[in-house]
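1. Mind looking at a prediction? Sequence and model below.
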Amino acid sequence: MKKILITRRLLRSSEEKASKIFDAKFNTNDELYSQEKLIKLSAGCDGILTALTDKLDAETINKLPSSIKILSNFAVGFGNIDLEAAKKRNIIVTNTPEVLTDATAEIGILLILGACRRAPEGIEAAKGSNWKWSADYLIGKQLTGTRLGILGMGRIGRKIASIAKSLGMIIHYHNRSKLSDDKEDGAIYHKDLKSFLGVSDVLSVCCPATKETVDLINKETLEYLPQGAVVTNVARGDIVNDDALIDALNRRKVYAVGLDVYKGEPNLNPGYLKHKSAFILPHLGSASKHTRTAMADLAIDNMNEFFKSGSCKNKVN
Ligand code: DGY
């Protein structure tokens, strides 16, 4: 049996599955391992099932025991792992695509609705019983006929587009390349970021965090948005420059934000907390029992496939 380290607690059925296939070391308290502890615990292991809370930078990867051959990330995103450093050490990195598309897209839509329809203010008022219905009370932005800009039209972006379309939104997108007609499904492609942002009344950030996308939404690019745009992010906090976005909220260039992900999670820039128009969630994208089980099972299957065949279809490096 291959020996593996699982850095975070999984749902019970997934831990049972892992223990049938591997000699697995579990994290029974679900503590957040420091980099030193993770290196120490991986001694004698053949692979590590990592989570987005584990920061595997080059320094950490270089200190892993030579027996480690795979980092199976329990997430579709892999910005927490230095892919190049892993490659140099002949360690493959895998992720869990597809299984979390629907759950994450649901949260993407919730962010759009919550930010546009002033959910944070509404929740606060309802809880405090300090509100009175009136014709102009908490008027928000209706989605019907509003242009939605999807930054990154991968699986999650496309699912958000299809739900948003059913709500009457008009879909524009920016991607490295134009999609085929069937994948595009009527959405309007912009090769140029400036032209794309210029039509994004509501922006939905759905792209992975890579060297090219870190801080892509910044002081300069925020100015390309229409006045009073809404900015939502269901992908990764690193893509957005928080100071610039908070400044845009302060100046009312941006009407509201809907965020599920942050730079330096679990901390978030306190500037957001001052804004009633910030609809913020604690990284709930894939948080449903069905999806978390499917993700963990896929992360286990990725390891199994790799140990059996020497490769894995969900390899990302
Ligand atoms: C992912 O898989 O990257 C999600 O953000 C996890 O919730």
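-> Arrived safely, thanks for sending.
2. The residue in the stretch 201-317 of the chain that the ligand sits nearest to: how many residues sit nearby?
-> Here the residue of the stretch 201-317 of the chain nearest the ligand is S286; by C-beta to the nearest ligand atom that distance is 3.6 Å. Just so you know, the C-beta spots here come from the backbone N, C-alpha and C atoms, and that holds for glycine as well. Burial of S286 is recorded as 24 neighbouring residues (other C-beta atoms under 10 Å).
3. try the one 10 residues further on
-> A296: 26 surrounding residues under other C-beta under 10 Å.
4. quick one: contacts for it?
-> By C-beta atoms under 8 Å, 6 or more residues apart in numbering, A296 lies in contact with L10, L11, S14, K17, A18, F74.
5. any chance of those residues in JSON lines, plus distance to V93, neighbour count and pLDDT?
-> Compiled in JSON lines, those are given as follows (distance: C-beta to C-beta, whole Å; neighbours: other C-beta atoms under 10 Å; pLDDT from 0 to 100):
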{"residue": "L10", "distance to V93": "19", "neighbour count": "25", "pLDDT": "97"}
{"residue": "L11", "distance to V93": "23", "neighbour count": "14", "pLDDT": "97"}
{"residue": "S14", "distance to V93": "20", "neighbour count": "22", "pLDDT": "97"}
{"residue": "K17", "distance to V93": "21", "neighbour count": "19", "pLDDT": "98"}
{"residue": "A18", "distance to V93": "18", "neighbour count": "22", "pLDDT": "98"}
{"residue": "F74", "distance to V93": "12", "neighbour count": "26", "pLDDT": "97"}
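6. Out of those, the closest to the ligand would be?
-> F74 (7.5 Å).
7. Contacts only, for the residue of the stretch 201-317 of the chain closest to the ligand.
-> S286 neighbours (C-beta under 8 Å, 6+ apart): A75, V76, L100, A103, T104, R292, M295.
8. Please apply the same query to V93.
-> Contacts of V93 (C-beta under 8 Å, 6+ apart): I70, L71, S72, N73, F78, I81, L83, A86, K315, V316, N317.
9. and it, what element?
-> Element membership of V93 [criterion: DSSP states H and E] is strand 92-94.
10. Next: G258.
-> Taking DSSP H and E as the definition, one finds G258 inside strand 254-259.
11. Secondary structure element for L203, which one?
-> Going by DSSP H and E, L203 is in strand 202-205.
12. what comes into contact with that strand?
-> Residues contacting strand 202-205 (C-beta under 8 Å, 6+ apart): 108, 111-112, 115-116, 141, 143, 146-152, 157, 160, 164, 169, 197, 217, 225, 229-235, 239-240.
13. For PyMOL, write the selection for the buried entries among those residues.
-> Selecting only the buried entries of the contacts of strand 202-205 in PyMOL, with 16 or more other C-beta atoms under 10 Å as the criterion:
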select buried, resi 108+111+112+115+116+141+143+146+147+148+149+150+151+152+157+160+164+169+197+217+225+229+230+231+232+233+234+235+239+240
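14. tell me, which of the contacts of strand 202-205 make contact with the ligand?
-> Among these, no residue lies close to the ligand (C-beta under 6 Å from any ligand atom).
15. show me where the stretch 201-317 of the chain has helices.
-> For the stretch 201-317 of the chain, the helices defined by DSSP state H, counting those that start in this stretch occupy 219-222, 242-250, 289-309.
16. Just put the ones you listed in a markdown table and tack on mean pLDDT.
-> Shown next, in a markdown table, are the helices of the stretch 201-317 of the chain (pLDDT from 0 to 100):
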| stretch | mean pLDDT |
| --- | --- |
| helix 219-222 | 98 |
| helix 242-250 | 98 |
| helix 289-309 | 98 |
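17. Can I get the ones you listed in CSV including distance to the ligand?
-> As requested, the helices of the stretch 201-317 of the chain are exported to CSV (distance: least, C-beta to the nearest ligand atom, whole Å):
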stretch, distance to the ligand
helix 219-222, 22
helix 242-250, 18
helix 289-309, 7
